[in-house]
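[1] build me a structure from this.
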Amino acid sequence: MNELPALQFVQQVINPLVIVGVLGVLVFMQGISFSHEHVMLLIIIFLLAAQILSGINFDSNPGYFWMSTTIWIFQRWVMLVLLLLIMGYFAQFLKLFNNTLLLYWISITPFILLLVQLSFRKLFFRFFAQQNTLDKAIIVGINELSLKLAGSLAQHSLYGVQCIGFFDDRTLNRLPGGLTLLGGLKDVHRFISKEQVKIIYISLPIAEQQRIHALLDDLRDTTASIYYMPDVSMIDIIQARSFDIEGIPMVTLCESPFTGSKALIKRVSDIVLALLILLLISPLLVLIAIGVKRSSPGPIIFKQRRYGLDGEEISVYKFRSMTVCENDAQIVQATRNDARITPLGAFLRKKSLDELPQFINVLQGRMSIVGPRPHAVAHNELYRKQIKGYMIRHKVRPGITGWAQVNGCRGETETVAKMQRRIEYDLNYLRHWSLGMDLLIILRTIGIVIKDENAY
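    Residues are numbered from 1 along each chain as shown. Coordinates of the predicted model:
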């Protein structure tokens, strides 16, 4: 287990290093002199690649490896290239390279990445195959978490650990997967000394502090490595990580995914994409504004109060699509064939064109292109009392589109069940955010708004 941090580090950097390395070699072969602009660009590419293309597929099935890894690499490579081309257009750093060099780099890099994935995987499994022994391990405490750990250790030899059984004070007649109950907590010390157990996993509830302390006292004179697995399965964990403050260990249970470099990458990508999109759709914005003004009395832009980052109120812009501008404590959601919706407004809402002014909100820093959709303040106050974890979605800026919207949760949420489903997708987005996921959501959104029937 001691090698795992090093393994995780290699997995994070190997693909970004290959991507930067291939570009560097091509630049050298072209006889282009490296400048500080080249160095800065390589650093930017490395950081973006570390977000979009990182990791090694250790799946034990070679056939599945080829299929899944090839799809994974090419999908994320396209995302990375598109993002770099957009950034390069505005930052003018594409002129640092000629078109031939860029074409070569874009064409050959994914195949080199696939070759590196295969080679690294084979070398790693060969290394563990040559090891004659695995470190013996036991697990103290039988629960869903510890059973999952035992299954993972048995399935993945790369951990170099063999789980030989469990210890628990409860009497259990049968354990899954041929696992064995070796005794109670009082038997742990004697067993590990006799069997030369090197690793102990403790999976007891946090409430069992006395038993945990007693067990640790018994194990003070052993050389076994001890790991504690807190059972936090009852908690809705968002972006969990561990750190310390002046030596005091901390484990995050709920945190925004946009911290540190991730926050910078998210904000930069929002600004670049919002500027590009506004530039491209500016003629359309003018036409819609004229149409809204002529369609019915009232303002062109409707400003609605919504909850933004950390639950603070923001004004969200939309093209007015109704004959009314409701923004009070009681707001009636739009329904199909709603009489308040103008004919032009119906078209705008169906194609989500009424949301286009929100790219200005993105530049203002109030919103993001991708994130949980902002709900009216009145709806927030209603659902925060009925849906567990509802307000966690406000740990990030609200988005013009989101993971819920590309998974069918668009349109009216007239029931708590429908809103609950939308919130589940929003929280899933917070747990698993990556720049690649944002780009995937944007691409899926483009296709969905063309044919979706749920918006009105």
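
[2] contacting residues for S203?
    Counting by Cβ atoms under 8 Å, 6 or more residues apart in numbering, S203 touches I139, V140, G141, I142, N143, L145, S146, L149, M229, D231. Yep, even glycine has a C-beta here, placed from its N, CA and C like the rest.

[3] one more pass at 10 Å, please.
    139-150, 166, 168, 227-231 (Cβ atoms under 10 Å, 6 or more residues apart in numbering).

[4] do W77 as well
    Neighbouring residues of W77 by Cβ under 10 Å, 6+ apart: N15, I19, A49, I52, L53, I106, T109, P110, F111, L113, L114.

[5] got the buried residues for the helix or strand where F302 lies?
    Per DSSP states H and E: F302 is located in strand 301-307. Buried residues in strand 301-307, defined by neighbour count with 16 or more other Cβ atoms under 10 Å: F302, Q304, R305, R306, Y307.

[6] from the contacts of S203, which would you call buried?
    Here, 16+ other Cβ under 10 Å leaves 139-143, 145-147, 149-150, 166, 168, 229, 231 buried among the contacts of S203.

[7] and the strands in the stretch 101-250 of the chain?
    With DSSP state E, counting those that start in this stretch as the criterion, the stretch 101-250 of the chain has strands at 135-140, 161-167, 181-183, 199-202, 225-228, 242-245, 248-251.

[8] now mean pLDDT and distance to I271 too, for the ones you listed, in a markdown table please.
    Shown next, in a markdown table, are the strands of the stretch 101-250 of the chain (pLDDT from 0 to 100; distance: least, Cβ to Cβ, whole Å):
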| stretch | mean pLDDT | distance to I271 |
| --- | --- | --- |
| strand 135-140 | 88 | 48 |
| strand 161-167 | 86 | 46 |
| strand 181-183 | 87 | 58 |
| strand 199-202 | 89 | 45 |
| strand 225-228 | 85 | 42 |
| strand 242-245 | 64 | 29 |
| strand 248-251 | 66 | 32 |
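
[9] columns distance to I43 on top of these, output as CSV?
    Output for these, formatted as CSV (distance: least, Cβ to Cβ, whole Å):
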stretch, distance to I43
strand 135-140, 39
strand 161-167, 37
strand 181-183, 52
strand 199-202, 39
strand 225-228, 36
strand 242-245, 25
strand 248-251, 30
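
[10] nearest to S33, out of those strands?
    strand 242-245 (42.1 Å; Cβ to Cβ).

[11] now for F28, how many residues are close by?
    11 (other Cβ atoms under 10 Å).

[12] same deal with the one 10 residues further on?
    Residue neighbour count, defined by other Cβ under 10 Å, stands at 17 for H38.

[13] and it, its phi and psi?
    phi -60, psi -40 (degrees, to the nearest 10).

[14] residue numbering should commence at 4 henceforth.
    Yep, numbering from 4; the last one is H41 now.

[15] contacting residues around it?
    Applying Cβ under 10 Å, 6+ apart, the residues near H41 are L26, G27, V30, I35, F96, L99, F100.

[16] just the buried members of those?
    Applying 16+ other Cβ under 10 Å to these flags L26, G27, V30, F96, F100 as buried.

[17] hmm, the third one is touching F100, no?
    Yes. Shown here, V30 and F100 form a contact pair, counting by Cβ atoms under 10 Å, at 7.2 Å.

[18] residues that sit against both of those two, list them.
    Common neighbours of V30 and F100 (Cβ under 10 Å, 6+ apart) are H41, W108.
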